[in-house]
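K.L.:
Structure, please.
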Amino acid sequence: MSIRILLADDHKIVRDGLRSLLEKEEGMEVIAEADTGRAAVRLAALLAPEVVLMDIAMPELNGIEAARQIIAAVPGCKVIALSMHADKRYVMEMLKAGASGYLLKDSAFEELAHAIRTALDNRTYLSPQVSELVIGDYVQQLQKGNGSAFSVLSPREREVLQLLAEGNSTAQIAAGLHVSVKTVETYRQHIMEKLNIRNIAELTKYAIREGITSL
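P.N.:
Prediction:
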């Protein structure tokens, strides 16, 4: 049975090109076309396609909002964004809306066909350039200070925290790190101040929770 696809793009030449390519692909069928976001929502509700290829910049209703409405109204329908824009705002909002993929319009057709099959396998497909944006944004968010030991503490402080949590005394830590006892005490004080923790027992729990050490 063919994969039933709805094309949503406000440029007829783009829809014609996509239809031509998709209908040459074994096991794929274009069942309808929409030139506005509202038309895409209406046709999706009426025809229940398995996949909607959705442009972001659609008249009347943008592709992000159209995707959100389609996913809510048509159980199991997968929406894949097709856009000229490798902009993380568009990518993140489309993914939040529930899209199963985001491809740039300069992608090869083989990539689109792969994205469609990936979506139907309940996985998410992103163009390589888009993946880089998403990963970069994720790393940036982590680095903004989310309260984890890896963002709050310095590498040396994390090292001292682990040794403390593993039951080493201040003297043992000093000997192992080749620093003075006073230096270790200063590290411990800084760690406790940064984490707002008052005793070693709580430090140990924190270290285990954050993956600094294990039981």
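
K.L.:
And the most centrally placed residue in the chain, what's its pLDDT?
P.N.:
The centre of the chain sits closest to Val134, judged by Cα atoms, centre = their mean, with a distance of 5.6 Å. Predicted confidence (pLDDT) at Val134: the value is 70.

K.L.:
Give me the packing partners of the helix or strand that contains Val79, helices and strands only.
P.N.:
With elements taken from DSSP states H and E, the one containing Val79 is strand 78-83. Strand 78-83 is packed against strand 51-55, helix 63-73, helix 88-96, strand 101-104, helix 109-120, with contacts defined by 3 or more Cβ pairs under 8 Å, 6 or more residues apart in numbering; DSSP states H and E. Every residue, glycine included, has its C-beta placed from N, CA and C.

K.L.:
try it again with 6 Å
P.N.:
With contacts taken as 3 or more Cβ pairs under 6 Å, 6 or more residues apart in numbering; DSSP states H and E, strand 78-83 sits against strand 51-55, helix 63-73, strand 101-104, helix 109-120.

K.L.:
Turn the ones you listed into JSON lines, including mean pLDDT and distance to Gln162.
P.N.:
Output for these, formatted as JSON lines (pLDDT from 0 to 100; distance: least, Cβ to Cβ, whole Å):
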{"stretch": "strand 51-55", "mean pLDDT": "96", "distance to Gln162": "48"}
{"stretch": "helix 63-73", "mean pLDDT": "94", "distance to Gln162": "44"}
{"stretch": "strand 101-104", "mean pLDDT": "92", "distance to Gln162": "39"}
{"stretch": "helix 109-120", "mean pLDDT": "93", "distance to Gln162": "40"}
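
K.L.:
Tell me which of the ones you listed approaches Glu26 most closely.
P.N.:
helix 109-120 (9.6 Å; Cβ to Cβ).
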